Each structure stands twice: as C-alpha cells, then as structure tokens.
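Undergrad: test case, fold it:
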Amino acid sequence: MDEALKIDHLYVSYLGNQVVKDISFSVDKSSLVGIIGPNGAGKSTMMKAALHLIPKDKGEVQIFGESLKKWRKKIAYVPQRSDIDWDFPITVFDVVLLGTYPKLGLFKRPTKSDREWAYECLKTVGMETFSNRQIGELSGGQQQRVFLARALAQKAELFFLDEPFVGIDVASEETIINILRELKKEGKTILVVHHDLSKAESYFDHLLLLNKNMIHYGASEEVLQPEVITKAYANQFSFLQPKGVNVTS
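TA: So this is what the prediction gives:
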C-alpha cells in the first residue's frame, strides 16, 4: 500500500453551514504536502474532520489502507497555537514527554528510556536548554518547536500540522521546515496547513488547493500556476505572478 492517506467525498458543516464540500484526494507515503487556500476555505476544518477531532457529515478516511482507529497511535497532530492554553502549568520537557504516552499501557508511566527519548527530541528542535521552562514563557517560535518535538517523541508515521509557521521567527521556521524535510527522507508523510504562497513551492512537493471544495491537488509548481491559483483566490486580488505571491489565510 503506497497510500498513506485517502479521503473520499468528505463533507463537513459548521453551525448549519457546509464548509467542506466533496473533498477527495490521496497522499502517497513519504510526501510533504501543503494545504493552501484563502481565509475560510476549510483547510483546518478538513484536517480536523479527517482526524475525527470534529464530526463530519459524510465521507471516508483511510490511513495506510485501514481505519484511522487502527493507526491513531502512529498519527501526530500539531494544532494551531491559538487552540492551546499557554497558561497551563506544564514544563517544556513534560509537553514533549506527552508524546510518548500513546504507546504506554493504561496507568503506566514513562520509563527512563522514554524520558531520554523526549530529551533527544528536544535537542532535535534546539530547545533542550528550555526544558524546565513553563510552556507559556516561550516565544511563539519556541512554542511551535516544542510541539513539533512532542510529535517527534510519538514516533509517528503520519504528521498533521495546522499553520505551524504563523507568528514565529525566521530561525524557528527554518528549523521546522528542515526537520519536516528530514522526516520525509525517513519515509514519513507530512501534511501542513500553510498560508504563505511565496514559500509553498520550496517547502512542499505537493499542494492541495481548497476553497470549501477541492480546486486542485498536484505537484507544487502545477498548483501554483496563475490560472489554477486564481480559481481559489480570485475574490482577494486581481493579478497574480506565478511565484512570489504572499497571501495570508
């Protein structure tokens, strides 16, 4: 099975309004996919519905050819920073250690090797010196690195990241994208909700373009052609260059 993710005819409503309409696509293993589209296009909603974090109206989701339930422990999800309670009294290290919990049995505590692995994941994202800090004391970029470290600690095969580059510093963005590229080289599959079209081609090998329904899915250079991209963004601007366009969603 070469498909890591397959979504068939996904529909999602919010407060009585349909915000995701008939989305169907599949992602091969070892892919780095960006999910793009204008504000309100349903990008985050689609991701959450695919992960069963919110209810869907209808549609099927398969992970490596099986149900999501069978693969849940091998799926890592990094939510938007706005969805996280940064006042919660937890240290950076303990946030990352939570990534080891899915493989633990009921009532079991992390072992010494689990704690060592969590520390290695912190080192990977360059945050080991902040391990005893309260998570809310960090900058936006540092917080995002920590949550990526938590995802790494999970030893997942499939990664979902919702707007990981919003409100972070350049150094953190470079660190994160380089780690995602390494994960891809290791055979992992990564999907990222993304807002900056100017970097989309250099960051992702494939792009999914949404505006409530699927506009196009394919190689990044193919999706970013003006005649394709304007189908989603036509109401936001009147002229597009093939590259170098920066649109916030």
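
Undergrad: does the residue most central in space within the chain count as helix, strand or coil?
TA: Computing the C-alpha centroid of the chain and ranking residues by CA atoms, centre = their mean puts residue 161 first, at 1.5 Å. Under the three-state scheme (DSSP: H, G, I helix; E, B strand; the rest coil), residue 161 adopts strand.

Undergrad: what's the answer for residue 175, then?
TA: At residue 175, secondary structure determined by three-state DSSP is helix.

Undergrad: in the chain, which spans are helices?
TA: Using DSSP state H, the helices of the chain run over residues 43-50, 68-71, 92-97, 112-124, 140-153, 170-185, 197-203, 220-223, 226-233.

Undergrad: counting by contacts, list what the longest one packs against.
TA: Going back to what we said before, that points to helix 170-185. Helices and strands touching helix 170-185, by 3 or more CB pairs under 8 Å, 6 or more residues apart in numbering; DSSP states H and E, are strand 32-36, helix 140-153, strand 158-162, strand 189-193. All C-beta atoms are positioned from the backbone trio N, CA, C, and that covers glycine.

Undergrad: the third one pairs with which strands, parallel or anti?
TA: Paired with strand 158-162 in the same sheet, following DSSP bridges, are strand 75-78 (parallel), strand 189-193 (parallel).

Undergrad: tell me the most buried of those strands?
TA: Among the strands paired with strand 158-162, the stretch with the highest mean neighbour count (mean count of other CB atoms under 10 Å) is strand 189-193, at a mean of 25.

Undergrad: just the C-alphas of it, formatted as CSV.
TA: Provided in CSV are the C-alpha atoms of strand 189-193 (Å, rounded to 0.1, in the frame of the first residue of the first chain):
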residue,chain,number,x,y,z
THR,A,189,4.3,11.5,5.5
ILE,A,190,3.5,15.1,6.4
LEU,A,191,0.5,17.4,5.8
VAL,A,192,0.7,21.1,6.7
VAL,A,193,-1.9,23.8,6.6
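
Undergrad: where's that strand relative to the chain centroid, distance-wise?
TA: 5 Å (CA atoms, centre = their mean, to the nearest Å).

Undergrad: between it and helix 43-50, how many degrees?
TA: 140 degrees (axes from the mean of the first three to the mean of the last three CA atoms, to 10 degrees).

Undergrad: about what we covered before: please produce TSV containing the helices and strands packed on helix 170-185, extended by distance to residue 53 and mean pLDDT.
TA: Listed next are the helices and strands packed on helix 170-185 as TSV, based on distance: least, CB to CB, whole Å; pLDDT from 0 to 100:
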stretch	distance to residue 53	mean pLDDT
strand 32-36	15	98
helix 140-153	15	95
strand 158-162	10	97
strand 189-193	13	98
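
Undergrad: no more questions from me, cheers.
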